[in-house]
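Peer 1: The following comprises the amino acid sequence and a computationally predicted model.
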Amino acid sequence: MLGTRFTTGSPCWIDLGSPDTEAAAAFYGSVFGWEFRPVGPGTGGRGFFQQDGRTVGGLGPLTEEGAASAWTVSFHTEDADAAQRTAEEAGATVRVPAFDVRDAGRTACLTDPGGADFAVRQPGRVRGLERTSSPNTLVWVELHTADPEAALGFYRTLFGWRWAVMEAPGMTYRVVSTAAGEQREASFGGVAELQEDPGNPRWIPYIEVENADATARAVEGAAGRVLLPPADIPDVGRLAWFEDPFGAPFAVLKPAPLG
């Protein structure tokens, strides 16, 4: 499962771009109990979501022309510039070339060949998320794309990912692992074929919760929208999909007990 000892290709950061950072901070504070710590004046409302003083995500204003509110998943690399070059050679689009985020790290914003946005992040003073895989923190990431096999080939070239195929209700699901470590223990996410036509390729962050139904009520009470009502998935847990008040999709998961 996803941890904080990041290796190449590990999800290491999630960042929300929003047209109203103050309102977005209030929404996620209401739903997950996150506290928002602004970086400082002159940053357009940028800052960190925290839980008990530990960083669980980032928040900032929309900076790309025509961008819609969304969560971006960043993957760990030891060299953001080299990762950017490899990604571009493998067919990715560079939306924002590698740049330093003060002394916190170096990142590049990319779009994979299937159209899903993501980022690569080289650690600096900030290694990455400080808490994962516990209630109200990131537990899983999931790519929805028109051609899962092509997408996995791209990410294998970039990060060396491995995957295992499992049959899920109505779809074939690929469970993805980093190149390092025992494959099952190194799993952190999955890849599924788009169900909509036309589809919207995207990475979706899953936040672990203790009660998916209570979270759905909290989302609706805070002016969010339920996209997929809470449902039980055998051997996985109870999950649901939502949109925040500005249209950014995210999901939650109450993991099934370990057998």
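Peer 2: Yep, that arrived.

Peer 1: Kindly tell me how buried the nearest residue to residue 44 once chain neighbours are set aside is, as a neighbour count.
Peer 2: Spatial nearest neighbour of residue 44, excluding adjacent residues (C-beta to C-beta, 6 or more residues apart in numbering): residue 61 at 4.1 Å. No exception for glycine: its C-beta is placed from N, CA and C like everyone else's. For residue 61, the tally of surrounding residues (other C-beta atoms under 10 Å) stands at 15.

Peer 1: now do residue 46
Peer 2: Neighbours of residue 46 using other C-beta under 10 Å come to 18.

Peer 1: Isn't it up against residue 58?
Peer 2: Yes - shown here, residue 46 and residue 58 form a contact pair, counting by C-beta atoms under 8 Å, at 7.4 Å.

Peer 1: Pull the contacting residues for the closest residue in space to residue 20 that isn't next to it in sequence.
Peer 2: Excluding the flanking residues, the one nearest residue 20 by C-beta to C-beta, 6+ apart is residue 246, at 6.6 Å. Neighbouring residues of residue 246 by C-beta atoms under 8 Å, 6 or more residues apart in numbering: 18, 19, 20, 23, 24, 69.

Peer 1: where does residue 246 sit relative to residue 190, distance-wise?
Peer 2: 26 Å (C-beta to C-beta, to the nearest Å).

Peer 1: Look at stretch 106-118 and report the distance between its end residues.
Peer 2: Here the two ends of stretch 106-118 are set 14 Å apart, with distance taken as C-alpha to C-alpha, to the nearest Å.

Peer 1: Report how many residues lie close to residue 144.
Peer 2: For residue 144, using other C-beta under 10 Å, the count is 22.

Peer 1: Show me what it is bridged to.
Peer 2: Bridge pairing for residue 144 (DSSP bridges) gives the partners residue 192, residue 202.

Peer 1: how close does it sit to residue 111?
Peer 2: 14 Å.

Peer 1: can you check residue 203 too?
Peer 2: Shown here: residue 203 relative to residue 111, a distance of 11 Å by C-beta to C-beta.

Peer 1: list the residues that contact both of those two?
Peer 2: With C-beta under 8 Å, 6+ apart, residue 203 and residue 111 have common neighbours 117, 118.

Peer 1: Neighbour count: these two, which is higher?
Peer 2: Higher neighbour count among residue 203 and residue 111: residue 203, with 25 against 16, using other C-beta under 10 Å.

Peer 1: For the closest residue to residue 114 other than its chain neighbours, give me its contacts.
Peer 2: Of all residues not flanking residue 114 in the chain, residue 145 sits nearest, at 4.3 Å (C-beta to C-beta, 6+ apart). Taking C-beta under 8 Å, 6+ apart, we find residue 145 in contact with 112, 114, 115, 116, 151, 191, 192, 193, 194, 199, 201.

Peer 1: go again using 7 Å as the cut-off
Peer 2: Neighbouring residues of residue 145 by C-beta atoms under 7 Å, 6 or more residues apart in numbering: 114, 116, 151, 191, 194, 201.

Peer 1: pretty sure residue 245 is touching residue 224, no?
Peer 2: Yes - Residue 245 is within contact range of residue 224, at 5.9 Å (criterion: C-beta atoms under 7 Å).

Peer 1: Return every residue with contacts to both of the two.
Peer 2: residue 27.

Peer 1: Settle it for me: which of these two has more neighbours?
Peer 2: Higher neighbour count among residue 245 and residue 224: residue 224, with 23 against 17, using other C-beta under 10 Å.

Peer 1: so what's the more buried one scoring on pLDDT?
Peer 2: We have a pLDDT of 98 for residue 224.

Peer 1: So it is in contact with residue 244, correct?
Peer 2: Yes - using C-beta under 7 Å, residue 224 makes contact with residue 244 at a distance of 5.2 Å.

Peer 1: Now for the two: what residues contact both?
Peer 2: residue 27.
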